[in-house]
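1. Show me the folded form of this:
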Amino acid sequence: MLGRLSRLRPAAAARSAARVSALRSAPRRGLASETYTEQQDKTGRPLSPHLTIYRLPMIAYSSITVRITGGIAYAYIVGVTALALFGGAGALEQAVQSLPEGGVTLPAAKFAVSWPFVYHWIGCVRHMVWDVFDVSSKSFTNSLMRTSSYGIFAATTAISLGLATLSLPKPAQKE
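-> So this is what the prediction gives:
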């Protein structure tokens, strides 16, 4: 180490030698010493960026929502598959037909099912557009990204409300 130090300028060599000797004389951490987390807790500083002081941009909320709705859609698909496998061929149709007509229950259920699927689909299309077109280009501004996030929430809600009002005709009763 000292051989490398001798090639440095004298002032830099002195600083480096001081650091080396300070490191050698510093007490070693044993098992009884504090953990890194305990040391940081004593400083009283929050983690950076901390969500209590850092406001996420709308695009972050939109991106997080795409991921969450993907998980919800997956859970719906697994649930419908399980119902079809274990409940028999007509179990899903029976479950939907058993919901009361009129009132808010059926449209609310349709909205709750359609919103995650629609949001995830539109969000995936947006991400695909970002991948196909260079996001770093000058046509993609922060304002456009924020507007697209609000647009996805609005379009998803409008489409889901439309889907919630649709009804399929009931199957003909067998005599």
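2. Read off the pLDDT value for the most centrally placed residue in the chain.
-> In the chain, the C-alpha nearest the mean C-alpha coordinate belongs to Ile64, at 2.8 Å (C-alpha atoms, centre = their mean). Ile64 is assigned a predicted lDDT (pLDDT) of 93.
3. now do the one 4 residues further on
-> In the predicted model, Ile68 carries a pLDDT score of 96.
4. Just list the residues touching it, thanks.
-> Ile68 makes contacts with Pro116, as judged by C-beta atoms under 8 Å, 6 or more residues apart in numbering. In this view, the C-beta of every residue, glycine as well, is placed from N, C-alpha and C.
5. same question, Gly162
-> Gly162 makes no contacts at all, as judged by C-beta under 8 Å, 6+ apart.
6. Within the helices and strands, which one has it?
-> Using DSSP states H and E, Gly162 maps to helix 142-165.
7. how about the strands in this structure?
-> Assigned strands in the chain: none (criterion: DSSP state E).
8. what bits of this protein have low per-residue confidence?
-> Residue ranges of the chain with pLDDT under 70: 1-32, 46-52, 134-138, 171, 175.
9. Just give the closest residue to Thr65, not the sequence neighbours.
-> Tyr119 (6.4 Å; C-beta to C-beta, 6 or more residues apart in numbering).
10. Number of residues surrounding Ser160?
-> Neighbour count for Ser160, taken as other C-beta atoms under 10 Å: 20.
11. With Phe117 instead?
-> A count of nearby residues for Phe117, using other C-beta under 10 Å, gives 19.
12. longest helix in the chain, by residue count?
-> In the chain, taking DSSP state H as the definition, the longest helix is helix 58-87.
13. Next, the angle helix 142-165 makes with it.
-> Interaxial angle, helix 58-87 versus helix 142-165 (axes from the mean of the first three to the mean of the last three C-alpha atoms, to 10 degrees): 30 degrees.
14. sorry, back to before: buried ones in the helix holding Gly162?
-> Met145, Ser148, Ser149, Ile152, Phe153, Thr156, Ile159, Ser160, Leu163, Ala164 (16 or more other C-beta atoms under 10 Å).
15. Quick check, the first one in contact with Ser63.
-> No. With contact defined as C-beta atoms under 8 Å, Met145 and Ser63 do not form a contacting pair (10.1 Å).
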